[in-house]
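Student: Here you go, sequence then predicted model.
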There are 2 protein chains.
Amino acid sequence: MNTLEINPSWMSEQWRCVEDALERWVPADAPAGLGQSMRYAVLEGGKRLRPMLVLAARRAVADARPEATLDEAALRAACAIELIHAYSLVHDDMPCMDNDVLRRGKPTVHVQFGQAQALLAGDALQALAFEVLTPCPSAIPDGLQGRLCAILARAAGHAGMAGGQAIDLASVGQDLDDASLRQMHRMKTGALLQASIELGAACGSESSVATGCLIEYGRALGVAFQVIDDILDVTADSTTLGKTAGKDAANDKPTYVSIMGLERSRRYADELLQQALQVLGRSGLRSTDWLADLAMQVVGRNH
Amino acid sequence: MNTLEINPSWMSEQWRCVEDALERWVPADAPAGLGQSMRYAVLEGGKRLRPMLVLAARRAVADARPEATLDEAALRAACAIELIHAYSLVHDDMPCMDNDVLRRGKPTVHVQFGQAQALLAGDALQALAFEVLTPCPSAIPDGLQGRLCAILARAAGHAGMAGGQAIDLASVGQDLDDASLRQMHRMKTGALLQASIELGAACGSESSVATGCLIEYGRALGVAFQVIDDILDVTADSTTLGKTAGKDAANDKPTYVSIMGLERSRRYADELLQQALQVLGRSGLRSTDWLADLAMQVVGRNH
């Protein structure tokens, strides 16, 4: 099953909320097959890690501002960041990028619908993310809408995910040192993970200490996620991963494993997990249990 | 020269403001060549029609709310919509879409920088548009930020530009009737032109009558723009256009000219211009002179 190992019941409940919301918000009726390709890219599959992080961060800060509109805001932010993630996968898999044919256990979007449709579906999903964040002001306070869009745009753009992908492109066949590799991942995958936490935190507490701790948690989690990704690329098979395994080595891409080796990478992931859990402890926030669950799951995952 | 024929001095002044702002906001320092390809796609060239529409609409409604932060908001909205337009051209020109090699008199982005970089540049420009709309709240009131993002996201996405492109893709070699053609263009190019007016209007008057008139103006202008585009595709040469002429006929795409013929298309454009000017007269707004200039220019343009 291509989802998180859902042990805690909160996760399966929240996962269901996210699925239902995505089902509602990714339009079936977009013209000329566009709706079909957008829904194919987003629905049925995906770990929904980023949405879970948004909702877990919102829970951690909700004591200060328990309003229902802020729960709605967090759900929308959770879906918006998943839409950005989904669009990035569609474009990343295209022949001119990674040229991948398997994703979430299914043929990639361009294999299924053609390259032009894949390009458009990705473009439309990025726009949809911002649409989901900006409903009528009664659903999300209009001041918060701008704040959420600001976080998402910066994480997705040139100083975040897209910038990291540009570095990744340029790095094929190059020897990256540890610092450059870290910088690339901080942007390419870390920015969205980090933004998930910031989006959730923006839907609640105004305490800058607590927010600072959550951001530090997000940073450690982001690096841990990538280290584990690199480990799984060499240790897992494609069926378990739901995507092509061994791809980084085949493409001669630098990874944590290629730089540090497997054992040191595993130890590093464990250290990052401990860091993430410790900073939650220091945050002064009471309801960080979901965030702790997610950190353990990220480091313990096998796909 | 690949700009509007700048007769009125307001236009050259505002054009300069937009160029300077784009120069500031499209980052030179985005990593691994991404900044370079983004700037190539946006700077040096382009009619800037959409930004001019935003600024002209803002001028028309500014009597009611003359605040300087709303002028800043309009300038940001003007640049944001141009960034969306620029990204759409980059992706549209790619081999899997229109496969075009000439744009604004220069090699297209994928010819210059490769397909992967073009894909990323387009993606990053879309994100940048929303970034430009969401600066710190002292630059644009934070309630307005959400409203501007809402307009832009809907115009760019599945129910606007991206949806229109999907219909366009599906229409190659098909016989579209007049109504379907109109619907395709209303989404593909009309949505952004329309949104330009809405963005400008959102930075001002609260009067729904005036806003309604401006939207009607935008609708007529959007159709007129496309009719003229179709006329120019068969009557102008590539050097004058700055892009490949005769492309629609070569691709067997339905156009106003292929459906109505050249003469009826010209008459139709003139009727639309008259409609646009009349609705400005009925709006009750005093300072609609810039909007009138732009409508005349759109219908009178030769590239």
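Tutor: Yes, it's here. Numbering: from 1, shown residues only, chains lettered A, B, ... in the order given.
Student: Would you state the helices of the stretch 51-200 of chain A in chain order?
Tutor: Under the criterion DSSP state H, counting those that start in this stretch, the stretch 51-200 of chain A contains helices at A:68-92, A:109-113, A:115-132, A:142-156, A:161-171, A:178-188, A:190-202.
Student: Now do the helices in the stretch 201-303 of chain A.
Tutor: Under DSSP H, counting those that start in this stretch, the stretch 201-303 of chain A gives helices at A:208-235, A:238-241, A:247-250, A:256-260, A:262-282, A:289-300.
Student: pLDDT of the longest one, averaged?
Tutor: Just to be clear, that refers to helix A:208-235. The pLDDT scores in helix A:208-235 average 92.
Student: what does the fourth one give?
Tutor: Per-residue pLDDT over helix A:256-260 has a mean of 88.
Student: Tell me how many other residues crowd A:D289.
Tutor: 14 (other Cβ atoms under 10 Å in any protein chain shown). C-beta: built from backbone N, CA, C; applies to glycine.
Student: do the one 3 residues further on as well
Tutor: A count of neighbours around A:A292, defined by other Cβ under 10 Å, yields 17.
Student: wouldn't it be in contact with A:L280 here?
Tutor: Yes - between A:A292 and A:L280 there is a contact under Cβ atoms under 8 Å: 5.9 Å.
Student: Quick check: chain neighbours aside, which residue is closest to A:A150?
Tutor: B:T134 (3.6 Å; Cβ to Cβ, 6 or more residues apart in numbering or on different chains).
Student: What does the one you found show for phi and psi?
Tutor: In this entry, B:T134 is assigned phi and psi values of phi -130, psi 60 (degrees, to the nearest 10).
Student: what sits against it?
Tutor: B:T134 sits next to A:146-147, A:149-150, A:153, B:140, B:145, B:149 when contact means Cβ atoms under 8 Å, 6 or more residues apart in numbering or on different chains.
Student: let's see 7 Å
Tutor: Contacts for B:T134 were tallied using Cβ atoms under 7 Å, 6 or more residues apart in numbering or on different chains; they are A:146, A:149-150, A:153, B:145, B:149.
Student: Can I get the buried ones among those residues as something I can paste into PyMOL?
Tutor: Filtering the contacts of B:T134 down to the buried ones (16 or more other Cβ atoms under 10 Å in any protein chain shown) takes a single PyMOL command:
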select buried, (chain A and resi 146+149+150+153) or (chain B and resi 145+149)
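Student: What are the buried residues along stretch A:19-30?
Tutor: A:19, A:21-22, A:25-27, A:30.
Student: likewise stretch A:9-19?
Tutor: Within stretch A:9-19, judged by 16+ other Cβ under 10 Å, the buried ones are A:10-11, A:14-15, A:18-19.
Student: now swap in stretch A:256-263 and tell me
Tutor: Neighbour-count burial for stretch A:256-263 [16+ other Cβ under 10 Å]: A:256-260.
Student: Tell me the one of the buried residues of stretch A:19-30 nearest chain B?
Tutor: Distance to chain B across the buried residues of stretch A:19-30 (Cβ to the nearest Cβ) is lowest for A:A30, with 3.8 Å.
Student: The closest one reaches B:G164, doesn't it?
Tutor: No - look at A:A30 against B:G164 with Cβ atoms under 7 Å: they stay out of range, at 10.7 Å.
Student: Report the contact partners of the residue nearest to A:L272 when sequence neighbours are not counted.
Tutor: What sits nearest to A:L272 in space, not counting adjacent residues and going by Cβ to Cβ, 6+ apart, is A:A224, at 3.9 Å. Going by Cβ under 7 Å, 6+ apart, A:A224 touches A:269, A:272-273, A:276, A:298-299.
Student: and A:A224, how far is that from A:H185?
Tutor: Per Cβ to Cβ, to the nearest Å, A:A224 is found 11 Å from A:H185.
Student: Then A:Q174?
Tutor: Relative to A:H185, and taking Cβ to Cβ, A:Q174 is found at 15 Å.
Student: More neighbours: which of the two?
Tutor: Between A:Q174 and A:H185, counted using other Cβ under 10 Å, A:H185 has the larger neighbour count: 23 against 11.
Student: Which pLDDT value belongs to that one?
Tutor: A:H185 is given a pLDDT of 86.
Student: was I right about it contacting A:Q226?
Tutor: Yes - here A:H185 reaches A:Q226: they are 4.4 Å apart, a contact under Cβ under 7 Å.
Student: For the stretch 151-300 of chain A, what lies in contact range of chain B?
Tutor: Residues of the stretch 151-300 of chain A lying near chain B by Cβ under 7 Å from any Cβ of the partner chain: A:153-154, A:156-158, A:162-163, A:165-167, A:169-170.
Student: quick one: which of those residues is nearest to A:Y40?
Tutor: Nearest to A:Y40, judged by Cβ to Cβ, of these is A:A156 at 20.8 Å.
Student: A:A170 against B:P31, yeah?
Tutor: No - contact criterion Cβ under 7 Å: A:A170 and B:P31 do not qualify, at 8.1 Å.
Student: Output the lowest mean pLDDT helix or strand found in chain A.
Tutor: helix A:238-241 (a mean of 66; mean pLDDT, DSSP states H and E).
Student: Roughly how far does the residue nearest to A:A150 sit from A:D71?
Tutor: Taking Cβ to Cβ, one finds B:T134 at 22 Å from A:D71.
Student: do the same with A:V26
Tutor: Relative to A:D71, and taking Cβ to Cβ, A:V26 is found at 21 Å.
Student: With A:T108 instead?
Tutor: 34 Å.
Student: Those two - which one has more neighbours?
Tutor: Each of A:T108 and A:D71 has its neighbours counted (other Cβ under 10 Å); A:T108 has more, 25 against 17.
Student: Can you report how many residues neighbour A:A139?
Tutor: 13.
Student: Local confidence estimate at it?
Tutor: 89.
Student: Now do the contacts for it.
Tutor: Counting by Cβ under 7 Å, 6+ apart, A:A139 has contacts A:69, A:72.
Student: for A:I197, same thing?
Tutor: A:I197 sits in contact with A:53, A:57, A:214-215, A:217-218, where contact means Cβ under 7 Å, 6+ apart.
Student: What is the nearest of those to B:V209?
Tutor: Of all the contacts of A:I197, A:A57 has the smallest distance to B:V209: 43.9 Å, by Cβ to Cβ.
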